[in-house]
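**Student:** here's my sequence, what's the structure:
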Amino acid sequence: MDSCLGLKFRLSSFLTQYQFQNLRTPDIYISANSTNPLLICANRSSLHPPRFSRQVIKATTVMESEQSGTSVDNTGGPMKLLFVEMGVGYDQHGQDITVAAMRACRDAISSNSIPAFRRGSIPGVTFGQMKLQIKLGVPQSLQKFLDIERVKSVFPYGEILNVEVVDGGLICSSGVYVEEMGDKNEDCYIVNAAVYVGY
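**Tutor:** Numbers count the residues shown, from 1 in each chain. Down below sits the predicted model:
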């Protein structure tokens, strides 16, 4: 029976499918040596839930709070998150990271319409209460050249709580140097954007 724990079950109403599901089925078998055909053995490890590190538990808690519809920003307090828009922007000629970031934000918002705010579809929430949080993935070496105020100008309405810039995006070759378009080299700058919309 190696290191197993014998559990006696009688065929009665308490022996439910739920109880079997709590025991991992690959670890359950009927003991051939037992005179009682209902003596079921299971590895001791299958009777205890797996232990998680504090880091995993903490990450789960954060994820659960995000799934509940609340996002917290470091400067403007809590925001009720409605949806997230995502986009990508490029500057193939001219090597201007702010242009790439602005295009990423336009890409994120250009395919969406938000009638709920203007039509009062959210009880107790007016159009003026719309809030935005922007997260940009920008190559680290170019972050110091990013003009946040120009990026903010892309958004026609909504209070921008914060703009977070993180390492991301890409510098690659456009494959061609076009001096007439302001190129200093063949670099193409790519920025990723996530726009969090709520109230």
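
**Student:** so Gly94 makes contact with Val178?
**Tutor:** No. If you go by Cβ atoms under 8 Å, Gly94 and Val178 don't touch, sitting 9.2 Å apart. For every residue, glycine as well, the C-beta is placed using N, CA and C.

**Student:** who's in contact with the lengthiest strand in the chain?
**Tutor:** Using DSSP state E, we find that the single longest strand of the chain is strand 77-91. By Cβ atoms under 8 Å, 6 or more residues apart in numbering, the residues outside strand 77-91 that reach it are 66, 69-73, 97, 99-110, 112, 116, 131, 133, 161, 188-199.

**Student:** for the helix or strand just after it, packing partners?
**Tutor:** Counting by DSSP states H and E, the next helix or strand C-terminal to strand 77-91 is helix 97-109. Packed against helix 97-109 by the contact rule (3 or more Cβ pairs under 8 Å, 6 or more residues apart in numbering; DSSP states H and E) you find strand 77-91, strand 131-138, helix 148-152, strand 187-198.

**Student:** try it again at 10 Å.
**Tutor:** For helix 97-109, the elements it packs on are strand 77-91, strand 131-138, helix 148-152, strand 159-167, strand 187-198, judged by 3 or more Cβ pairs under 10 Å, 6 or more residues apart in numbering; DSSP states H and E.

**Student:** quick one: list the elements packing against the third one.
**Tutor:** Contacts defined by 3+ Cβ pairs under 10 Å, 6+ apart place helix 148-152 against helix 97-109, strand 131-138, strand 159-167.

**Student:** what about Ile97, distance to Gly120?
**Tutor:** 39 Å (Cβ to Cβ, to the nearest Å).

**Student:** so for those two, which residue has more residues nearby?
**Tutor:** Ile97 (25 against 12; other Cβ atoms under 10 Å).
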